[in-house]
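Student: Below are the sequence and a predicted model; questions follow.
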Amino acid sequence: MKYIIQDQVILSQAPEGPLAAYLASFANALSAQGYSGQWLKLHVRVAARFSRWLKQRGVGERGIGPEHATRYLRQRAQHVRSYLGDRPALKHLIDFLRSEGVIRVEKAATRRVPPAEICVQAYAEYLRDAQALVAATIINYVPFVRDFLHYCFGDGKVTLSRLRAADVVSFVQFNAPRLHLKRAKLMTTALRSFLRYVRYRGDVTVDLAAAVPVVANWSMPSIPRAISADQTRQLLASIDRHTAVGRRNYAILLLLARLGLRSGEVAFLELDDIDWGAGQLNVRGKSGQRNELPLPADVGKAIAAYLQHGRPPSASRRVFLSANAPIRGFGPNGVGSIVRRSLQRAAIDAPTTGAHQFRHGLATQMLNHGASLSEIAEVLGHRHQQTTAIYAKVDIKSLRTLALPWPGGAR
């Protein structure tokens, strides 16, 4: 006699065992995450077989643990051919049972946290709560601070009041030659931030941040690598907008090209950030700052097409979601992957494979159309003029007006 679960999965016999009562809710949870068709059927059938196996071995609902899943897979492989989907299906089942409270969450073994790590965690909380820095900045700063504390105190007690300028200088001199120039400059920036935090706490009274050596570097050494307008048009034209993924990728690429958004700003864009009535985007920039940008008609149309005919159902407030289950938002690396794959499919030899080249491309186009550096800074959300000044290098026409005549005339 056949048994049907949620009008989707047909079992050859009624489910039995300690998990029989959870199969329907498990199917609902999978469906909410975007699983459908064969994948949903596979998961539920694996769960039903696992439940029957548990019953045969006398394992009750409260006695189930992850180790049973491992044993079940091992014993099943001895009798029948195993499938690649069996293991992930059981992992999803175990995660579901934990969320339902059926399986107790295992407490991690308590371990001694090194004093340096306690200090690092307090500093990270300060950056997040008091300074409102974005997660990416904190992630970049923390490893350097951790290395600095280990350099000064090892695994022993951290006494910040014992820090001296000589400790700071020797740490930078020891590590800077081992790092790429940009990483070395990031290290000194992180160190200054931490030492200002130490002074803020009152652990030291002198300004140790001033003792951090400056890493030598030529100002604005390179011209920004920008994708050209023709390459951008070619890339956008290559996207297949008849598919859900194509509509999503087209909208993302338009945001990068028309508004010069950073990959993180696109990835973390939420539905509430779009003001359709006013035609504006509320973008989360660096350091938590908010920038209101006009929403161009073609960009708004592309986003609307994705939301209406491409975005999978989800409780997430993110605008852009993954196409495959589990359905969820993705980070800046996901945007970078979309750019890289789109360039490869279109066979475009762009300056780079990253998303930032669109930002440089927009600034270059604005310069060519007569925009000032201050106008570019406003569009790109730059807080410091020096950040925008690098684009003066690509404005050859304006730079020529600054050139002095060659003594004695042209040669």
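Tutor: Sure thing, it's come through. Numbers count the residues shown, from 1 in each chain.

Student: mind listing the strands for the stretch 251-400 of the chain?
Tutor: 274-275, 280-284, 290-294 (DSSP state E, counting those that start in this stretch).

Student: quick one: which of the ones you listed is nearest Arg62?
Tutor: strand 280-284 (44.3 Å; Cβ to Cβ). (Glycine included, C-beta is placed from N, CA and C.)

Student: CA atoms only for the closest one, dumped as CSV, please.
Tutor: Taking Å, rounded to 0.1, in the frame of the first residue of the first chain, the C-alpha atoms of strand 280-284 are listed here in CSV:
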residue,chain,number,x,y,z
GLN,A,280,16.0,55.7,-4.9
LEU,A,281,18.3,53.1,-3.5
ASN,A,282,19.5,53.2,0.1
VAL,A,283,22.9,51.6,0.0
ARG,A,284,24.9,50.4,2.9
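
Student: Give me the below-cutoff pLDDT ranges for the stretch 51-200 of the chain.
Tutor: 81-84, 105-111 (pLDDT under 70).

Student: ok, now with 90
Tutor: 51-115, 128-138, 140, 154-156, 175-184 (pLDDT under 90).

Student: how does the protein divide up, domain by domain?
Tutor: What automatic domain parsing lists as the domains of the chain is 3-99, 115-211, 229-397.

Student: okay, the strands of the stretch 251-400 of the chain, which one's buried deepest?
Tutor: Mean neighbour count (mean count of other Cβ atoms under 10 Å) peaks for strand 280-284 among the strands of the stretch 251-400 of the chain, with a mean of 18.

Student: Next, the angle strand 290-294 makes with that one.
Tutor: For strand 280-284 against strand 290-294, the angle by axes from the mean of the first three to the mean of the last three Cα atoms, to 10 degrees is 150 degrees.

Student: List the contacts of strand 280-284.
Tutor: 134, 259, 261, 265, 268-269, 272-275, 290-295, 381 (Cβ atoms under 8 Å, 6 or more residues apart in numbering).

Student: Likewise for stretch 269-278?
Tutor: Contacts of stretch 269-278 (Cβ under 8 Å, 6+ apart): 255, 280-284, 295, 300, 303, 307, 317-320.

Student: Check stretch 183-191 too.
Tutor: 140-142, 144-145, 148, 168, 171-172, 175-176, 179, 209, 212-215, 217.

Student: So how do I select the buried members of these in PyMOL?
Tutor: Those of the contacts of stretch 183-191 that count as buried under 16 or more other Cβ atoms under 10 Å are selected in PyMOL with:
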select buried, resi 140+141+142+144+145+148+168+171+172+175+176+209+212+215
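
Student: The contacts of stretch 183-191 in helices, which ones?
Tutor: The members of the contacts of stretch 183-191 that map onto helices under DSSP state H are 140-142, 144-145, 148, 168, 171-172, 175.

Student: Which of those sits closest to Ala355?
Tutor: Asn140 (17.8 Å).

Student: hmm, back to that, can you say which of the strands of the stretch 251-400 of the chain is nearest to Pro313?
Tutor: strand 274-275 (18.4 Å).

Student: Against Thr232, how distant is the one residue sitting closest to the centre of the chain?
Tutor: Centroid-nearest residue in the chain, with Cα atoms, centre = their mean: Gly331, separated by 2.7 Å. Note on Gly331: its distance to Thr232, by Cβ to Cβ, to the nearest Å, is 23 Å.
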